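In: Sequence and predicted model, in that order:
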Amino acid sequence: MEECIGMNGGGGSGEPCIASMVDYGSVESKRLYMARRTVVEMLIDRGYMVANAEVELSRTLSDFRAVFGEKPEVDQLRLIAGRASNPSRKILVLFSENIEIRKKNMVYLLSQIMNKEMLDKVILILQNKMNSYARKVADEHSVKVEIFPISDLLVNITKHVHMPKHEILTAEEKLQLLKKYAVESKQLPIMLENDAISRYYGLVKGQIVKVSYGGGGVIPDAMVTYRCVG
């Protein structure tokens, strides 16, 4: 029988076995597991109610593979969630197959969308590249389609240790801020609409974000700034 070797090269030391740290499952299932987990967190942070959110976020990679398999069917990975403030307004998350997305593929993907009048947005997660014709179909769709390469969702950027806290101001909070400092939105520092944080929260032009830098690290004293999405 092959002996399990510890981290320091010895056996029977009670240390974790190197072999136990090797992931023998498919790369595809691991990527889909990581991306779907981030999407659930993203929907919650956007103010949507995700069914069985606690189960989704506590699910391990092994649990995910037990449910969806080593080669998950993308149709089984889709998510739909209603806004906490208005549950009838929903967002739909679709995963594409691991193929290049062309116009006909995009048309098929978007043809699966039902009850368009009840949808705020569609999030489409790509496992492969997409050509410009497919992009045009998505841009012209009656429901706004946000497109994320799966590589952008393998980690939740908002949880990075050095990422400042971002809070989205409501319309009322925005007016109060502009009145307090006697400024216009365009006078605030800009956060681009295609910025990673803007995309994570689904922000649009004109929204204002409060950015809080905690004390310690590079910035020893707490600091707050505001940025307008433009």
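Out: The structure has been received and is ready for your questions. Numbers count the residues shown, from 1 in each chain.

In: Please count neighbours and contacts with C-alpha atoms only from this point.
Out: OK.

In: For the spatially most central residue of the chain, which three-state class applies?
Out: By Cα atoms, centre = their mean, the chain has its centre lying nearest to V39, at 3.9 Å. In three-state terms, and counting by DSSP: H, G, I helix; E, B strand; the rest coil, V39 is helix.

In: give the contact list for S26.
Out: Contact partners of S26, counting by Cα atoms under 8 Å, 6 or more residues apart in numbering, are E70, K71.

In: so how far is F68 from it?
Out: In this structure, S26 lies at 12 Å from F68, with Cα to Cα, to the nearest Å as the measure.

In: Am I right that A51 is in contact with A84?
Out: No. The criterion here is Cα atoms under 8 Å, and A51 misses it with A84 at 11.6 Å.

In: just to revisit the earlier point, overlap in contacts of S26 and F68?
Out: Shared between the contact lists of S26 and F68 (criterion: Cα under 8 Å, 6+ apart) there are no residues.

In: before we move on, back to that, what's the pLDDT at the residue nearest to the centre of the chain?
Out: V39 is assigned 98 on the pLDDT scale.

In: so how far is V224 from it?
Out: Counting by Cα to Cα, the gap between V39 and V224 amounts to 27 Å.

In: On the three-state scheme, I123 is what?
Out: When classified by three-state DSSP, I123 comes out as strand.

In: before we move on, what about R65?
Out: Going by three-state DSSP: R65 is helix.

In: Please list all residues in contact with it.
Out: Contact partners of R65, counting by Cα under 8 Å, 6+ apart, are S29, P72.

In: now do R46
Out: Residues Y201, G202 are the ones in contact with R46 under the rule Cα under 8 Å, 6+ apart.

In: Kindly recompute the last result at 7 Å.
Out: Going by Cα atoms under 7 Å, 6 or more residues apart in numbering, R46 touches Y201.

In: Thanks again, I'm all set now.
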